[in-house]
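Colleague: Predicted model follows, preceded by the sequence.
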Amino acid sequence: KFPFKKPFHAIFCRNVMIYFDQPTRADIIRKFHDFLTPNGYLVVSHSESLGRSQDLYRYVMPGVYQKI
């Protein structure tokens, strides 16, 4: 059971996704999308990308994406 109540205005996940394979990263990014408020922010390391899940977010600046 997830111990926090959703939704979140921002989720920070820096330097973590590099340890997962692409299908797992895509699943995590979709779950983050479900947990964010409308227009909420996902912050990742500037060296990490959202891959094919970029259609769920708007690029703001390196490492910062906004839920669309």
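Modeller: Perfect, thanks for sending it.
Colleague: And the strands in this structure?
Modeller: For the chain, applying DSSP state E gives strands covering 8-13, 36-44, 57-61, 64-67.
Colleague: quick one: low-confidence ranges for this protein?
Modeller: 1 (pLDDT under 70).
Colleague: Pull up the gap between the closest residue to residue 25 other than its chain neighbours and residue 35, please.
Modeller: The shortest distance from residue 25 to any non-neighbouring residue, by CB to CB, 6 or more residues apart in numbering, is to residue 17 (4.9 Å). Heads up, the C-betas are built off the backbone N, CA and C, glycines and all. Going from residue 17 to residue 35 by CB to CB, to the nearest Å gives 15 Å.
Colleague: And those two? Which one has more around it.
Modeller: Neighbour count, other CB atoms under 10 Å: between residue 17 and residue 35, residue 17 has more, with 19 against 16.
Colleague: dump the residue contacts of that one.
Modeller: Residues near residue 17 by CB atoms under 8 Å, 6 or more residues apart in numbering: 25, 28, 29, 44, 45, 48.
Colleague: Good, wrapping up.
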